[in-house]
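In: build the 3D model from these lines:
(one chain, ligands or ions: 1)
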Amino acid sequence: MSVRLEGVGLTHANGFVALQDINLQIAHGERVAIIGSSGAGKTSLLRLLGTSLRPGGGTLELLGNQPGRLRGRALRQLRSRIGLIHQSPPLPPRQRVITAVLAGRLGQWSLAKALLSLCWPLDIDGARAALAPLDLDEKLFARCDQLSGGQLQRVGIARVLYQNAELLLADEPVSSMDPVLAEHTLAILNQLASQRGQSLIASLHAVDLALQHFPRVIGLRQGQLLFDKPSEAVTRDDLQQLYANQSLDTPEAPVHGNSPATATAPPRCV
Ligand SMILES: Nc1ncnc2c1ncn2[C@@H]1O[C@H](COP(=O)(O)OP(=O)(O)OP(=O)(O)O)[C@@H](O)[C@H]1O
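Out: Numbers count the residues shown, from 1 in each chain. Reported below is the predicted structural model:
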């Protein structure tokens with residue numbers, strides 16, 4: 001299994017319960033989209049899988065390891081096998097695109113090689129090859145602050161493709177792209193992940209893209225799994241239930257309770 005969660009919950013530092021009783025298994029090489037309304041917990045789930053957050057309860061297994069039991073080098077090794085694609089890639093503005101892409105392998109290189117690569121790009125051909133399918137190879141030596149938001153997102157994707165991780169986690173990876181580019185980029189990402197046997201888990205607001213590109217779709221609502229099924233089995237009712245916005249439907253917004261389970265609107269008087 002690439003990912004296994006059993007009864008996993010997540011409470012943020014301020015006490016907000018973002019995820020509850022998540023049970024999920026994702027096999028090696030599977031491609032899964034996570035959909036759900038704003039605040040449903042998609043990013044929180046991806047951050048758990050990326051090991052930047054720890055579950056408050058339950059069992060989390062990633063690539064055969066329980067990250068909570070790992071420390072130091074072992075944890076770094078596990079992280080080097082996981083590729084993170086951010087909605088806004090955290091790239092230093094003055095950094096060259098080539099350096100940003102090559103940084104994908106910093107976790108796999110020796111300290112000396114990593115430091116050298118930051119000063120002097122070591123694998124120009126490799127970086128170009130990662131950018132080429134995303135039609136960005138002509139920006140190889142551009143500075144990151146000279147790129148548009150959509151181009152930066154593609155640099156973030158190229159960096160993870162160069163990393164060649166076993167598990168790819170993408171949080172709204174095409175949100176800054178126009179519809180045609182978003183479609184093209186998601187197609188390339190899915191095609192490459194599929195060819196390389198990598199698992200790909202992506203959160204998306206664009207339901208049509210999720211259904212079109214991913215064989216399996218998970219619906220997350222208020223921190224809980226509402227459905228988990230093949231994309232062709234997702235129904236209009238599933239989506240209506242997923243996106244039914246109780247706080248918008250009700251005349252008065254809820255004022256008490258800060259967990260997804262308790263932050264439901266009061267019953268309506270008819
Ligand atoms: N660091 C944090 N501390 C406290 N609460 C948080 C934190 N991060 C997220 N939350 C809360 O957890 C809930 C889930 O947030 P999350 O970012 O996972 O949702 P999301 O589904 O990714 O939303 P969006 O689609 O808007 O990005 C939200 O109510 C959010 O306010």
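
In: OK, contacts around residue 75?
Out: By C-beta atoms under 8 Å, 6 or more residues apart in numbering, the contact list for residue 75 reads 51, 67. The way it works is simple: take the backbone N, C-alpha and C, and place the C-beta from them, glycine included.

In: and it, which helix or strand is it part of?
Out: Per DSSP states H and E, residue 75 falls inside helix 72-80.

In: repeat that for residue 33.
Out: Using DSSP H and E, residue 33 falls in strand 31-35.

In: can the helix or strand that that strand is followed by be found next to the ligand?
Out: Downstream of strand 31-35, the next assigned helix or strand under DSSP H and E is helix 42-49. Yes: Helix 42-49 lies within reach of the ligand by C-beta under 6 Å from any ligand atom, at 42-44.

In: residues in contact with helix 42-49: which ones?
Out: By C-beta under 8 Å, 6+ apart, helix 42-49 touches 3, 5, 8, 10, 12, 18-19, 22, 34-36, 53-55, 60, 62, 82, 167, 169-171, 201, 203, 220, 223.

In: filter the residues you listed down to the ones near the ligand?
Out: Answer for the contacts of helix 42-49 near the ligand (C-beta under 6 Å from any ligand atom): 12, 18, 36.

In: among those residues, name the buried ones.
Out: Among these, those classed as buried by neighbour count (16 or more other C-beta atoms under 10 Å) are 18, 36.

In: quick one: which of the ones next to the ligand among the contacts of helix 42-49 has the lowest pLDDT value?
Out: The pLDDT minimum for these sits at residue 12, where the score is 93.

In: look up which helix or strand the nearest residue to that one once chain neighbours are set aside falls in, please.
Out: With C-beta to C-beta, 6 or more residues apart in numbering as the criterion, residue 12 has its nearest non-adjacent residue at 5.6 Å, and that residue is residue 18. Assessed by DSSP H and E, residue 18 sits inside strand 17-26.

In: show me what contacts the residue nearest the centre of the chain?
Out: Nearest to the centroid of the C-alpha atoms of the chain, with distances taken as C-alpha atoms, centre = their mean, sits residue 170, at 2.6 Å. Taking C-beta under 8 Å, 6+ apart, we find residue 170 in contact with 46, 85, 157, 189, 200-203.

In: one more time with 7 Å, if that's ok
Out: Neighbour list for residue 170: 85, 200, 202 [criterion: C-beta atoms under 7 Å, 6 or more residues apart in numbering].
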